[in-house]
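Colleague: can you look at this prediction? I've put the sequence above it.
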Amino acid sequence: MAGIGFELKKLTNHDNLIGVMHAYLSAGFAAAGPWLFTALALGGITMLYAQNMSVEALIEFRVVLVYNLAASLVLSAPVFMVVTRYIADAIIAKDVTNIPSAMLGCLVVLIAIQIPVAFFFYGYYFELPLAFRLSAIANLFLLTCVWLLGVFLMALKDFKSVNLAYGVGMLVAVFLAHWLRADYGATGMMNGFNVGIMIIVFTLSAKVFAEYPYFYGRPFSYIAMFRPYYQLAVGGVFYNLAIWIDKLIMWFAPQRTLLEPSNLRYYSDYDSAMFLAYITIVPAMALFFFSVETHFFQFYRRFYDDILEHKSLSQIKKSGERLINSVLYHARTFLVLQGAIVFLCVMLAPQLMEAFSYNYRQIGIFRLGVLGGMFHVLALFGMIVLSYFDSRSRVMWLQCFFLVSNAVFTIITLYLGFSFYGYGYFLSSLLTFMLTMAVLFRFMGDLPYHAFVTHNNAIRIQRAIS
């Protein structure tokens, strides 16, 4: 899948501001397309139409949308993590004939996984009107489709189509949600939002089938990848659940709201502050596609080319040192960029709260969320670099630590009271970052050894036989 950054880099070669903006917008959607789409559309609906709609309908719509965003991400993580590896291997082998049927197979598996979950919560646990239940279930399935299709579209590197699909879909979602809410309330808003997502799903699906005009007929061939790459599937669940576990726990805080009779739980002060804080990490994630996927990858490829070309050990070690220096350079770049964003957000937090119509008691949570987000994205950077070296087990255990620490610290802050809300995520992100960097640089300090021994397939096979 490497090479996405090189395609994005070409967009900046137009020597104008539009080219640069297009490149960073593409990188943003490449990094967090469905989440960014949901955040922008939901923010647009709230800011433009909040004064002209029922508060109850808006709250129901937002809460269900957040539930679906979390569930679709966590439940689909094992499949799209493994299928990413499947697509990458297919591209390297120059055999993409089975990709369209694999996409359909993934959709079947994901929907099969989510049907019992969707029908338990929306069919039994939550007391909602029948029409809204059906709309909520459809929304869950559609969000899942977008997460999956994003994986296949990134392999195509057709960012113009992706941007156009997200842009049109978002505008339609915002317009129809407003148009239908007058007569149909929360159900109308959800249906309007679903139409916008459907535009994205159909557009991206059509692009995949157009670029891969094959139908080899083995839709579930990717399932064989789960056994050798189970760490990707398990780690994907750990990481994506870690992102949401603090929100889930805070929905049981004393200050949370329980809607009757629907039984929907939410904690507006925490949810909205953290949602806004997460937006601040998008620039760093976009920068990743330019830096790691270009500058770092060149040194990475040079290191392994030296091994394949049987260069001397001293030359291989020099290439390894250049690779380590590249990681340090990009870590500093990320730290400077995200540090500047954090400084501005912390200083301007009162003005941001006023601009987004939040209340001032959310300032502390927002500031801690922004600080936590900085360490979160830096830890993610380290995990991705480890993934380049196929260090799947290390990444999986780091993601497990992130999940457990976020859950434990958030529960502790729940008992300590409102003044400590947000510290759970912040401390978890900080410790995960420190642990990830320690693991990363210890691994890279022995890079030639790992290349020749621990990641040598011949040695792995011999150990398995013995």
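Modeller: Arrived safely, thanks for sending.
Colleague: remind me which residues of the stretch 351-466 of the chain are low pLDDT?
Modeller: 454-466 (pLDDT under 70).
Colleague: switch the cut-off to 80
Modeller: Low-confidence segments of the stretch 351-466 of the chain (pLDDT under 80): 356-357, 448-466.
Colleague: quick one: the closest residue in space to R322 that isn't next to it in sequence from L447, how far?
Modeller: In this structure, R322 finds its nearest non-sequential neighbour in F299, 5.1 Å apart by C-beta to C-beta, 6 or more residues apart in numbering. In short, each C-beta sits where N, CA and C put it, glycine included. According to C-beta to C-beta, to the nearest Å, F299 and L447 sit 11 Å apart.
Colleague: and for these two, which residues touch both?
Modeller: By C-beta atoms under 8 Å, 6 or more residues apart in numbering, F299 and L447 have these common neighbours: L323.
Colleague: still on that earlier bit, what helix or strand does the residue nearest to R322 sit in?
Modeller: According to DSSP states H and E, F299 maps onto helix 297-308.
Colleague: now the strands: where do they sit in the stretch 101-250 of the chain?
Modeller: Taking DSSP state E, counting those that start in this stretch as the criterion, the stretch 101-250 of the chain carries no strands.
Colleague: for the protein, what's the longest helix?
Modeller: Taking DSSP state H as the criterion, the chain has its longest helix at helix 159-211.
Colleague: re the thing from before, now do the helix holding F299: everything it contacts.
Modeller: Residues outside helix 297-308 that contact it (C-beta under 8 Å, 6+ apart): 2, 5, 315-316, 319-320, 322-323, 326, 388, 447, 451-452.
Colleague: identify the farthest-apart pair in the residues you listed.
Modeller: Using C-beta to C-beta, the contacts of helix 297-308 span at most 27.9 Å, a distance reached by G5 and F452.
Colleague: residue contacts, T280?
Modeller: Q338, I341, V342, C345, V370, G373.
Colleague: dump those to TSV, plus secondary structure and neighbour count.
Modeller: Conversion of those to TSV gives the following (DSSP: H, G, I helix; E, B strand; the rest coil; neighbours: other C-beta atoms under 10 Å):
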residue	secondary structure	neighbour count
Q338	helix	25
I341	helix	19
V342	helix	21
C345	helix	21
V370	helix	28
G373	helix	25
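Colleague: among the residues you listed, which one lies nearest to A77?
Modeller: Ranked by distance to A77 (C-beta to C-beta), those are led by G373 at 19.7 Å.
Colleague: how about the contacts made by the closest one?
Modeller: By C-beta under 8 Å, 6+ apart, G373 lies in contact with A277, Y278, T280, I281, Q338, V342, S429.
Colleague: ok, now how distant is it from R367?
Modeller: Counting by C-beta to C-beta, the gap from G373 to R367 is 11 Å.
Colleague: ditto for F299
Modeller: Here F299 is placed at a distance of 36 Å from R367 (C-beta to C-beta).
Colleague: now swap in G417 and tell me
Modeller: Taking C-beta to C-beta, one finds G417 at 17 Å from R367.
Colleague: looking at the two, which is more packed in?
Modeller: Taking other C-beta atoms under 10 Å, G417 and R367 do not tie; R367 has more neighbours (19 against 11).
Colleague: wait, isn't the more buried one in contact with V346?
Modeller: Yes. Counting by C-beta atoms under 8 Å, V346 is a contact partner of R367 at 5.1 Å.
Colleague: anything in contact with each of the two?
Modeller: Common neighbours of R367 and V346 (criterion: C-beta under 8 Å, 6+ apart): none identified.
Colleague: which ones are touching F433?
Modeller: Residues in contact with F433 (C-beta under 8 Å, 6+ apart) are F375, H376, L378, A379, G382.
Colleague: who are the neighbours in contact with the residue located most distally from the centre of the chain?
Modeller: Each residue of the chain has a distance to the centre, and by C-alpha atoms, centre = their mean the biggest one is for S312: 40.4 Å. By C-beta under 8 Å, 6+ apart, no residues touch S312.
Colleague: mind listing the strands in the stretch 251-400 of the chain by residue range?
Modeller: Ranges of strands in the stretch 251-400 of the chain, per DSSP E, counting those that start in this stretch, are 257-258, 265-266.
Colleague: what is the first one packed up against?
Modeller: Here strand 257-258 is seen to pack against strand 265-266 when contacts are counted using 3 or more C-beta pairs under 8 Å, 6 or more residues apart in numbering; DSSP states H and E.
Colleague: the strand it packs on - what's its average pLDDT?
Modeller: For strand 265-266, mean pLDDT is 90.
Colleague: pairing partners for that strand, with directions?
Modeller: Here strand 265-266 has these sheet partners by DSSP bridges: strand 257-258 (antiparallel).
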